[in-house]
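K.L.:
need a 3D model of the sequence below.
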Amino acid sequence: MNVQPSPTRPWRDWVDPFLALVALVVSAVSLWVAIGTEQANRRMVAAASWPLLQVDTSNLHATIVFSVLNGGVGPAKLKTFELFWNGKAYPGAHALLTACCGYDA
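P.N.:
Predicted coordinates for the structure are as follows:
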């Protein structure tokens with residue numbers, strides 16, 4: 001029985017590593033695109049989620065009402081809140097009403 005060796009195919013020696021390298025490059029590019037898309041989505045959500053604080057006052061029926069409402073689309077996180085009247089800061093509503101209106105509890 002005479003077995004002849006198969007003809008050599010030199011292209012097979014480099015096709016498999018080349019395809020593996022192409023798959024690795026495509027995977028890296030896909031990861032890079034996914035990270036960029038995620039960062040862009042975070043920026044869009046942050047840009048569309050701004051709080052909008054609205055101040056409302058009323059003195060109907062001898063009752064003074066002072067309201068601060070969030071009319072925006074995102075959460076309003078307040079770090080500080082100060083009351084000013086005639087250029088002076090007041091620590092709370094009682095002190096402000098005493099100074100401006102002569103309120104006495």
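K.L.:
which element, helix or strand, includes the residue nearest in space to the middle of the chain?
P.N.:
What sits nearest the mean C-alpha location of the chain, by Cα atoms, centre = their mean, is A46, with 3.3 Å. For A46, the element it lies in under DSSP states H and E is helix 10-48.
K.L.:
roughly how far is that helix from the heart of the chain?
P.N.:
Centroid separation between helix 10-48 and its chain, computed with Cα atoms, centre = their mean, to the nearest Å, is 25 Å.
K.L.:
mean confidence (pLDDT) on that helix, please.
P.N.:
The average pLDDT within helix 10-48 is 89.
K.L.:
just after it, pick out the following helix or strand.
P.N.:
strand 53-58.
K.L.:
packing partners for that next one?
P.N.:
Here strand 53-58 touches strand 65-70, going by 3 or more Cβ pairs under 8 Å, 6 or more residues apart in numbering; DSSP states H and E. C-beta coordinates here come from the backbone N, C-alpha and C atoms, glycine included.
K.L.:
what lies in contact with the strand it packs on?
P.N.:
P51, L52, L53, Q54, V55, D56, T57, S58, N59, A76, F81, A93 (Cβ atoms under 8 Å, 6 or more residues apart in numbering).
K.L.:
now for the residues you listed, which pair is the farthest apart?
P.N.:
P51 and N59 (26.6 Å; Cβ to Cβ).
K.L.:
among those two, which residue is more densely surrounded?
P.N.:
More crowded of P51 and N59, by other Cβ atoms under 10 Å: P51, with 13 against 10.
K.L.:
leaving out the residues flanking it, which one is nearest to V55?
P.N.:
Nearest residue to V55, sequence neighbours excluded (Cβ to Cβ, 6 or more residues apart in numbering): V68, at 5.6 Å.
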